[in-house]
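> Model the structure of this input:
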Amino acid sequence: MVVVAADVMSRARAGDGDAFRELTEPYRRELQVHCYRMLGSVQDAEDAVQDTLLAAWQGLGGFQERASLRTWLYRIATNRCLNALRAASRRPAREWDIPGVEPPEPTRLGEVVWLEPYPDTLLDGGISVPPGPEARYEQAETISLAFVTALQLLPPRQVAVLILRDVLGFHASEVAGMLDSTTGSVNSALKRARASLQQRLAAVAGREPPPAAGSPAEEALVARFSSAWESADLDALVALLTDDVFMSMPPLPLEYEGRDVVVRFCGGLFDGGRRFDLVPARANGQPAFGAYLRVPAGIRHGVGLYVLTLTGDRICAMTRFDNSVLSSFGLPRSLPGR
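Modelled structure (predicted):
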């Protein structure tokens, strides 16, 4: 817990910007992760954090310290996110735009087209904070793409309550205060949110856990995938995928479930001699790759980011994001020719 020195608080209340930053900077990373869980978008989360800090700066004189500074900041951030969710100005779905590639008929159309991946470099200090006594989930689990996607399908108030109670571990009375609600209303929303989330994560719950991040087992599986993808070896790719592998590609609404159709989609990308170079990254605590299209001569342009979800020694999901997210991972939009 961060102890707020009285003199720093006094200076901040008097308008000292450096003192205010000293007060709030220890919470910035965890607030950004909180806003990302609620909104599913890195850019929307950053905007919400900026709005939160501006509101805190303007309202610091009214902060009566009945709750901790951290709780007060979470109250502001949560309500800023709820306002953003109610405004519903989310990233719109896009149409297929890869020339010369005709995708297979999708298994279904995705609902969470605004989802963006979260760079692991921003997780440092964001999920290492010990959760409160009411938390029910491991922090690493709650940043996974599957978990964040499932949250996006809940009503906004249920999202807020579930994150504050089961992810961050705030008491029901604290959450009621943050949301200007009652403990009974919070408990009711939490019950509904838990039931919906459990239903949406049912398929994930029965899977073998992934290898530990950075372990030899994970590195070997990721290396096999990279080799198969760069050589367009569909047989090798098939050997890596689970029978029920799932593929999505926000902001495109196309979703594919099952190894046959996922491999057919990948085969379409490789048709016509298209080949790709992969640059490793990490997103949402999962292995990821920036993909760059090879050309006979000249610049290799980035075409997207793939995030892998692992189970045991197999890949159970692939999420393809467009090239607009590459810069968030420190990846260039293009690579020089080989």
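
> Can you give the distance of the helix or strand where residue 58 lies from its chain's centre?
Taking DSSP states H and E as the criterion, residue 58 maps to helix 42-59. The chain centre lies 18 Å from the centre of helix 42-59; the measure is CA atoms, centre = their mean, to the nearest Å.

> Can you point out the buried residues in it?
42, 44-49, 51-53, 56-57 (16 or more other CB atoms under 10 Å). Just so you know, the C-beta spots here come from the backbone N, C-alpha and C atoms, and that holds for glycine as well.

> cool, stretch 241-248 as well?
241-242, 245-248.

> what's the answer for stretch 218-232, then?
218, 221-222, 224-226, 228-229, 232.

> residues making contact with that stretch?
The contact list for stretch 218-232 (CB atoms under 8 Å, 6 or more residues apart in numbering) reads 210-212, 233-234, 236-237, 240, 266, 270, 274-278, 280, 287, 289, 291, 308, 310, 313-315.

> what about 6 Å?
211, 236-237, 240, 270, 278, 287, 313 (CB atoms under 6 Å, 6 or more residues apart in numbering).

> hey, C-alpha coordinates of that stretch in CSV?
Extracted in CSV, the C-alpha atoms of stretch 218-232 (Å, rounded to 0.1, in the frame of the first residue of the first chain):
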residue,chain,number,x,y,z
GLU,A,218,6.3,-22.4,-24.3
GLU,A,219,9.4,-21.3,-26.3
ALA,A,220,9.4,-24.7,-28.1
LEU,A,221,5.7,-24.5,-29.1
VAL,A,222,6.1,-20.9,-30.2
ALA,A,223,9.2,-21.7,-32.3
ARG,A,224,7.3,-24.6,-34.0
PHE,A,225,4.4,-22.2,-34.8
SER,A,226,6.8,-19.5,-36.2
SER,A,227,8.5,-22.1,-38.4
ALA,A,228,5.3,-23.5,-39.7
TRP,A,229,3.8,-20.1,-40.5
GLU,A,230,6.9,-18.6,-42.1
SER,A,231,7.3,-21.7,-44.3
ALA,A,232,3.5,-21.9,-45.0
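
> returning to what we had before: so which of the contacts of stretch 218-232 belong to strands?
The members of the contacts of stretch 218-232 that map onto strands under DSSP state E are 278, 287.

> tell me the two of the contacts of stretch 218-232 that are most distant?
Greatest spatial distance among the contacts of stretch 218-232 (CB to CB): 211 and 270, at 26.9 Å.

> so after the lowest-mean-pLDDT helix or strand in the chain, what's the next helix or strand?
Within the chain, no helix or strand scores below helix 202-205, which has a mean of 78 by mean pLDDT, DSSP states H and E. Counting by DSSP H and E, the next helix or strand C-terminal to helix 202-205 is helix 216-230.

> quick one: that following helix to chain centroid distance?
22 Å.

> shift numbering so it begins at 804
Got it, the first residue is 804 from now on, which makes the last one we talked about helix 1019-1033.

> Can you mark which positions in the strand or helix carrying residue 1106 are buried?
Using DSSP H and E, residue 1106 sits in strand 1103-1114. Judged by neighbour count using 16+ other CB under 10 Å, the buried positions of strand 1103-1114 are 1103, 1105-1114.

> Please tell me how far the helix or strand following it is from the chain's geometric centre.
Where DSSP H and E defines the elements, the next helix or strand beyond strand 1103-1114 is strand 1117-1124. With CA atoms, centre = their mean as the basis, strand 1117-1124 stands 14 Å off its chain's centre.
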